[in-house]
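S.K.: Mind folding the following:
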Amino acid sequence: MLIRTRAPVRIDFAGGWSDVALFTEASKGLVVNGAINRYAYATLVCDSQAPRPDSVELQRILDKSIRIYSADFDTFIEAEDVRQLEYDGNIDLVKAAVRQMSIQIGGFDLVTQSTAPPGSGLGTSAAMGVALIGVLGALKDVTYLPYQYAELASTIERHELGILGGKQDHYASAIGGINFMEFQGEEVKTSALRIPPHLRYELEKNLVLCYTGQSRLSGTIHQNVTHAYQSGEPSIRKALENLKSIAEAMKTALIRGRLTDFGELLTENWHNQKKLHASVTNEQIDKLFKIAQAHGAIGGKACGAGGGGCLLFYCQPTREHSVRQKLEEAGTRIIDFNFDADGLQMWNAE
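M.R.: Reported below is the predicted structural model:
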């Protein structure tokens, strides 16, 4: 038996940070994001047919051994059973998913791969978590609703591994599409933004997504912002309120087809992101913003926590090619994409 799943990563357009659990305890978080066709894949191979008594497959089933391979990090792990999957910094997310899902079946191989760069700010770990819950749930013959895949994946990161962050990434991966999301405590509400095809095509054409080549650890930046927030700095709380207001305005801009406003709101969001902590930006990012703006970008922002990873720019309709060219000349890698409307998908590939 061979089971595959894929879950899309996302681009956060506005309101990011306001979905983080610490902040949603005090007030409602608001986010606009869009899932894109860059994916986290999980493949599970398990021989479900009755093998001959002397076969290798029978031995693999009897000894309950588990083999995990991460193609992204070229890391291979083998354990005799689930209880030996200890967290040691090597593909802990995969181990946590296997343990969280209480997998008792032995003798399987699990392979993971992502088509987005790690540390890109596109929610790659959340997408992988959703893909893993999907494939392991299929192994157990359990089907969940989209929000349940998102919640289980979020639980693994936040409670099992102690990773700081919000839920927007998990929900984007599970449900797909362009969405307006609301976060209050543990409650999440999602509303799909029904954007006409011609506007979606225009967004896809005029948006430029580039990878700086500088991976970053979002957990470090989350810690910096969390400490600043807990210290009671008024500027941090004001910036968070501004980010939520920008998400509301961006929702309206997209619904009404005001794409120039959309681009300008990206920059407004970026200004408030940077107010959260100095580590959100750096000299390289500031330089790339100046290049993009000088050659036709209406607005832009760093994806995710910032500090590296991917940058997103919305360009004048006839200038995106110039922005792409100049960013590539500056050493970045352009990531072409379209929006993904399907979210988590799973299938048998026998």
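S.K.: Could you tell me which residues make contact with Gly176?
M.R.: Counting by Cβ atoms under 8 Å, 6 or more residues apart in numbering, Gly176 makes contact with Pro8, Ala35, Asp340, Ala341, Asp342, Gly343, Leu344. C-beta here means a position set from N, CA and C on the backbone, and glycine is covered the same way.
S.K.: Can you give me the distance of the closest residue in space to it that isn't next to it in sequence to Gly331?
M.R.: Nearest non-adjacent residue to Gly176, counting by Cβ to Cβ, 6 or more residues apart in numbering: Gly343, 3.2 Å away. For Gly343, the distance to Gly331 equals 33 Å [Cβ to Cβ, to the nearest Å].
S.K.: Now list the buried members of the contacts of Gly176.
M.R.: Among those, those classed as buried by 16 or more other Cβ atoms under 10 Å are Pro8, Ala35, Asp340, Gly343, Leu344.
S.K.: Take those residues and write them to a markdown table, including distance to Ala153.
M.R.: Below are these laid out as a markdown table (distance: Cβ to Cβ, whole Å):
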| residue | distance to Ala153 |
| --- | --- |
| Pro8 | 13 |
| Ala35 | 14 |
| Asp340 | 17 |
| Gly343 | 12 |
| Leu344 | 10 |
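S.K.: Low-confidence regions, the chain specifically.
M.R.: 47-64, 80-84, 104-106, 216-219, 350 (pLDDT under 70).
S.K.: Helices along that one, start to end?
M.R.: For the chain, applying DSSP state H gives helices covering 21-24, 56-62, 92-100, 124-139, 146-155, 168-175, 197-206, 218-230, 234-255, 259-274, 283-294, 320-329.
S.K.: Nearest to Gln113, out of the ones you listed?
M.R.: helix 124-139 (9.1 Å; Cβ to Cβ).
S.K.: elements contacting the closest one?
M.R.: Helix 124-139 is packed against strand 2-14, strand 29-46, helix 92-100, strand 108-114, helix 146-155, helix 168-175, strand 345-348, with contacts defined by 3 or more Cβ pairs under 8 Å, 6 or more residues apart in numbering; DSSP states H and E.
S.K.: so which of the ones you listed is the most packed in?
M.R.: helix 168-175 (a mean of 30; mean count of other Cβ atoms under 10 Å).
S.K.: Pull the CA coordinates from that one and hand them back as CSV.
M.R.: Extracted C-alpha coordinates of helix 168-175, given in CSV (Å, rounded to 0.1, in the frame of the first residue of the first chain):
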residue,chain,number,x,y,z
GLN,A,168,-3.0,30.6,10.2
ASP,A,169,-0.4,28.4,8.4
HIS,A,170,-2.1,25.2,9.4
TYR,A,171,-5.6,26.4,8.3
ALA,A,172,-4.3,27.7,5.0
SER,A,173,-2.7,24.4,4.2
ALA,A,174,-5.7,22.3,5.2
ILE,A,175,-8.4,24.4,3.4
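S.K.: And that helix, what does it pack against?
M.R.: By 3+ Cβ pairs under 8 Å, 6+ apart, helix 168-175 packs against strand 2-14, strand 29-46, helix 124-139, helix 146-155, strand 178-184, strand 187-192.
S.K.: and Thr260, which of the ones you listed is closest to it?
M.R.: Set against Thr260 and scored by Cβ to Cβ, the helices and strands packed on helix 168-175 come closest in strand 2-14, at 14.4 Å.
S.K.: contacting residues around the residue lying closest to Tyr144 once chain neighbours are set aside?
M.R.: Counting by Cβ to Cβ, 6+ apart, Tyr144 lies nearest to Gly137, which is 6.1 Å off, once chain neighbours are set aside. Shown in contact with Gly137 (Cβ under 8 Å, 6+ apart): Met101, Thr143, Tyr144, Tyr149.
S.K.: With distance to Asp72 as added columns, please give the helices and strands packed on helix 124-139 in CSV.
M.R.: As requested, the helices and strands packed on helix 124-139 are exported to CSV (distance: least, Cβ to Cβ, whole Å):
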stretch, distance to Asp72
strand 2-14, 13
strand 29-46, 9
helix 92-100, 11
strand 108-114, 5
helix 146-155, 17
helix 168-175, 16
strand 345-348, 19
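S.K.: Show me the one of these that comes nearest Gly299.
M.R.: Using Cβ to Cβ, the nearest of those to Gly299 is strand 2-14, at 10.6 Å.
S.K.: Which elements pack onto the closest one?
M.R.: strand 29-46, helix 124-139, helix 168-175, helix 234-255, helix 259-274, strand 345-348.
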